[in-house]
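# here you go, sequence then predicted model.
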Amino acid sequence: MSYPVHDGKMNERFEAMIAGLETEGGMSIPKIAVKVGCSRQQIWRIASGKTKRPGYGIAVRIEKLHSQMVTKTRGLR
């Protein structure tokens, strides 16, 4: 079985989501961490590119939080 080679796009995607939560959503790193259910250090590592791939559970929760923020800011409830 072969696994896909990490090409850097996954961590860039999560970096962008966290940046969007900060700028468009007005959320701080500690607030994002509380909402996602992990440490602020983990969110900082993902946001700064220090973590290549976040764990599955964290990734899903970041995506969900980002999606909720986008929906809310666009008024698509």
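Thanks, I have the structure now. Numbers count the residues shown, from 1 in each chain.

# how about stretch 57-72, which residues are buried there?
Neighbour counts over stretch 57-72 (16 or more other C-beta atoms under 10 Å) mark 58, 59, 61, 62, 65, 66, 69 as buried. C-beta coordinates here come from the backbone N, C-alpha and C atoms, glycine included.

# tell me which element the spatially closest residue to residue 52 that is not a sequence neighbour is part of?
Spatial nearest neighbour of residue 52, excluding adjacent residues (C-beta to C-beta, 6 or more residues apart in numbering): residue 11 at 5.4 Å. Assignment of secondary structure by DSSP states H and E places residue 11 within helix 9-23.

# show the subsequent helix or strand relative to that helix.
Next along from helix 9-23, by DSSP H and E: helix 29-36.

# could you point out which element follows that next one?
helix 40-47.

# quick check: angle from that next one to helix 29-36?
When axes from the mean of the first three to the mean of the last three C-alpha atoms, to 10 degrees is applied, the directions of helix 40-47 and helix 29-36 differ by 100 degrees.

# helix 40-47 to helix 9-23, inter-axis angle?
Using the same axes, to 10 degrees: helix 40-47 against helix 9-23 is 120 degrees.

# alpha carbons of helix 40-47, as PDB, please.
Included here for helix 40-47 are C-alpha records, laid out as PDB according to Å, rounded to 0.1, in the frame of the first residue of the first chain:
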ATOM      1  CA  ARG A  40      -3.400  27.200  21.900                       C
ATOM      2  CA  GLN A  41       0.100  25.900  21.200                       C
ATOM      3  CA  GLN A  42      -1.300  23.300  18.800                       C
ATOM      4  CA  ILE A  43      -3.300  26.000  16.900                       C
ATOM      5  CA  TRP A  44      -0.200  28.300  16.800                       C
ATOM      6  CA  ARG A  45       1.900  25.400  15.400                       C
ATOM      7  CA  ILE A  46      -0.700  24.700  12.700                       C
ATOM      8  CA  ALA A  47      -1.100  28.400  11.900                       C
END
